Structure formats: C-alpha cells, structure tokens
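Trainee: what's the 3D shape of this:
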Amino acid sequence: MPASPPKWLPKQVLSGHNEPIFRALPADLLANLRTPRSENALIWNLFYPLARPALSFERLCALRPLFGTPAPAEGEDFLIPYFWGWSVKGEKMAGLDETLAELDGGPGHTEADILLLGKANLVLVEAKRFSGFGRCGRHTAGRCPEVHRGEAQEVRETAGEAGVTCRYWSEPAARFDRRLDFGPRPDPLTPTPPCARHYQLARLVLLGEALAERLERDFHFWVVAPRREWRGLEADWRDFVERIRSDRAWRRARVLAWEDVRGSAGSSP
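Mentor: Residues are numbered from 1 along each chain as shown. Next up is the predicted model:
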C-alpha cells in the first residue's frame with residue numbers, strides 16, 4: 001500500500017518533502033530514509049537538486065570517470081530520474097515490474113538506486129557511500145542450491161525455499177551466463193564462484209540490459225562513489241566489469257566520483 005503523505009520525513013532528506021514520490025514509495029524504502037546513515041537519503045540529496053526537471057546526459061558524460069573510458073555523448077539526451085523505480089511525480093517506470101518478473105520471478109527483488117531514462121539512453125546508477133557491492137546472501141549463509149548440496153538442502157527446505165537450483169543458473173531469461181562470463185555453472189567443487197562475489201552487480205546488469213532492450217534504449221551502467229571510497233571498491237569492480245560479455249555494455253560501464261556528480265549542473269529539456 002502506498003504510504004501516507006510523509007510529514008515525518010527526517011532531516012536527512014534535505015529538500016523535496018512534498019514531492020508525490022514520497023506518497024508512492026513502499027514502507028521499507030521510507031523507513032530506510034530514517035536510518036542515521038541512510039544511503040537512500042544521500043542518493044536523493046545528490047540527484048534530486050540536479051534533476052529538476054532532468055539531467056543533462058552530455059554533461060554527465062563529460063565528467064572524467066574514476067574508471068572507464070572517457071567518451072563524449074553522441075548527442076544530448078535529457079534524463080528523467082526514477083529513484084528506486086519511481087519518478088519524482090510518483091510514477092513507476094514503464095516496463096520495470098514486467099522485467100523484474102522475468103528475471104527474479106516477481107517484482108521488487110532487484111533494486112536499482114536510480115534509473116535515468118532519456119529518449120535514447122537508459123542509465124542504471126548504483127551509488128555507494130558506506131558499503132561495498134552486495135554478495136550472495138544464500139551463499140554466505142551456506143544455502144546456495146548449486147554449491148551447498150546434501151545437508152544444506154534440509155536447511156533450505158526448513159527455510160521454505162522452493163527448488164534445488166538457482167534461478168540465475170537455471171531460468172533461461174535470468175541466467176547470469178547470458179550476459180556475464182562467470183565460468184562453468186557452480187557446483188560443490190567451486191565453493192566461492194564469481195556469481196557469489198558479484199551477485200548485486202550481476203543482477204543489476206541483467207536488469208539494466210533487459211529493461212533497455214524492452215524500452216529500446218542504449219544501456220549504460222554507472223557506479224557513483226566518493227573518491228576516498230573507490231580504492232575499497234576497485235578490485236571487485238575491475239574483476240566484474242571484465243566479465244561483461246557485450247562489448248557495448250563494457251564500454252559504457254563507468255565509475256564516477258560522487259563529488260564530480262554533485263558539482264555537475266542539471267539541465268532543462
């Protein structure tokens with residue numbers, strides 16, 4: 001159910017309190033905004049002032065990346081932000097739930113921080129401030145259906161998990177190896193497979209590429225991180241990005257400094 005008008009939005013949210021998005025966001029996202037070190041609040045505060053009404057694709061592409069090939073935009077494209085899938089006006093991005101259902105088996109599992117939608121481009125942004133890239137929780141807990149077989153199967157059944165395979169290795173539309181080179185399918189002899197290390201980034205690439213195809217846009221995958229935090233993310237990012245199969249997607253994978261994005265100017269279509 002949509003939340004009531006959030007009169008209680010915390011001081012972490014610096015502006016835009018009356019925007020309709022806050023009446024549309026799910027309760028868990030609204031609750032996250034109240035946490036003392038809320039990355040969601042920081043993401044809103046970073047992008048919202050720049051995105052009224054849109055962001056300039058040219059100006060964002062002109063920023064020198066921390067990682068990636070500097071490449072000017074082929075043309076201007078005004079990007080409308082969708083925070084966690086919702087526009088500032090409180091509208092869900094077209095095609096998002098359908099794409100999530102194909103990949104995750106239902107809406108709402110893979111969550112993009114921001115989707116920037118233009119007439120020609122779709123930019124999926126993963127913003128990092130206090131945390132690293134997410135790893136596979138089931139693998140960490142010893143419940144990976146591919147790696148932890150035998151005794152772990154009883155644990156999975158007790159937890160109410162259906163099936164004995166991972167959908168990202170078994171469902172045709174959701175297979176990691178359609179878009180990423182993660183090597184052979186994991187088994188008990190591969191206790192730390194790349195899909196466990198890169199679980200969050202892999203799901204975001206699946207989502208972004210599939211959604212861009214559905215919407216007939218060019219896909220770009222960007223990470224935004226503070227300069228001082230980049231060193232802690234760099235090894236995982238470098239290993240991951242070299243596994244992207246599509247040359248076009250690989251060339252459009254970039255890391256931008258939080259400070260540079262904050263200093264960039266928005267634009268009006």
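Trainee: Against which helices or strands is the helix or strand that Ala235 is a member of packed?
Mentor: Element membership for Ala235 (DSSP states H and E) is helix 227-241. Secondary-structure packing of helix 227-241 (3 or more CB pairs under 8 Å, 6 or more residues apart in numbering; DSSP states H and E): helix 194-197, helix 199-215, strand 218-225, strand 253-257. All C-beta atoms are positioned from the backbone trio N, CA, C, and that covers glycine.
Trainee: The closest residue in space to Phe221 that isn't next to it in sequence: neighbour count?
Mentor: Nearest non-adjacent residue to Phe221, counting by CB to CB, 6 or more residues apart in numbering: Ala253, 4.8 Å away. Taking other CB atoms under 10 Å as the criterion, the count of residues near Ala253 is 23.
Trainee: measure the spatially most central residue of the chain to Ile21 for me?
Mentor: Centroid-nearest residue in the chain, with CA atoms, centre = their mean: Ala112, separated by 3.2 Å. Between Ala112 and Ile21 the distance is 15 Å, computed by CB to CB, to the nearest Å.
Trainee: likewise Trp237?
Mentor: 29 Å.
Trainee: Check Ala210 too.
Mentor: 24 Å.
Trainee: and if you look at Trp230?
Mentor: 29 Å.
Trainee: Who has more neighbours out of the two?
Mentor: With neighbours defined as other CB under 10 Å, Trp230 and Ile21 compare such that Ile21 has more, 21 against 17.
Trainee: and that one, what pLDDT?
Mentor: Note for Ile21: predicted pLDDT of 93.
Trainee: That one contacts Gly90, correct?
Mentor: Yes - here Ile21 reaches Gly90: they are 4.9 Å apart, a contact under CB atoms under 8 Å.
Trainee: just the strands in the protein please.
Mentor: Taking DSSP state E, the strands of the chain run over residues 55-56, 78-83, 86-87, 114-117, 121-127, 218-225, 253-257.
Trainee: Tabulate these in TSV, adding columns for mean pLDDT and distance to Gly263.
Mentor: Below are the strands of the chain laid out as TSV (pLDDT from 0 to 100; distance: least, CB to CB, whole Å):
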stretch	mean pLDDT	distance to Gly263
strand 55-56	92	13
strand 78-83	96	17
strand 86-87	96	24
strand 114-117	97	17
strand 121-127	96	15
strand 218-225	96	12
strand 253-257	96	9
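Trainee: To Val147, which of those lies closest?
Mentor: Closest to Val147 of the strands of the chain is strand 121-127 (CB to CB; 25.4 Å).
Trainee: strand partners of that closest one, parallel vs antiparallel please.
Mentor: The pairing partners recorded for strand 121-127 under DSSP bridges are strand 114-117 (antiparallel), strand 218-225 (parallel).
Trainee: Dump those to CSV, plus mean neighbour count.
Mentor: Formatted as CSV, those follow (neighbours: other CB atoms under 10 Å):
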stretch, mean neighbour count
strand 114-117, 23
strand 218-225, 23
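Trainee: Need those in TSV (columns: distance to Asp247).
Mentor: TSV is the format used below for the strands paired with strand 121-127 (distance: least, CB to CB, whole Å):
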stretch	distance to Asp247
strand 114-117	22
strand 218-225	12
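Trainee: re earlier: mean confidence score for the helix holding Ala235?
Mentor: 96.
Trainee: buried ones in that helix?
Mentor: Judged by neighbour count using 16 or more other CB atoms under 10 Å, the buried positions of helix 227-241 are 229-230, 233, 236-237, 240-241.
Trainee: which one among those residues gets closest to Arg167?
Mentor: Nearest member of the buried residues of helix 227-241 to Arg167, counting by CB to CB, is Phe240, at 19.9 Å.
Trainee: Quick check, that closest one in contact with Tyr199.
Mentor: No - counting by CB under 8 Å, Phe240 stays clear of Tyr199, with 10.3 Å between them.
Trainee: quick one: low-confidence ranges for the stretch 1-150 of the chain?
Mentor: Applying pLDDT under 70 to the stretch 1-150 of the chain flags the ranges 1-8, 10, 106-108, 150.
Trainee: From Trp84, how far out is Arg185?
Mentor: On the measure of CB to CB, Arg185 and Trp84 end up 32 Å apart.
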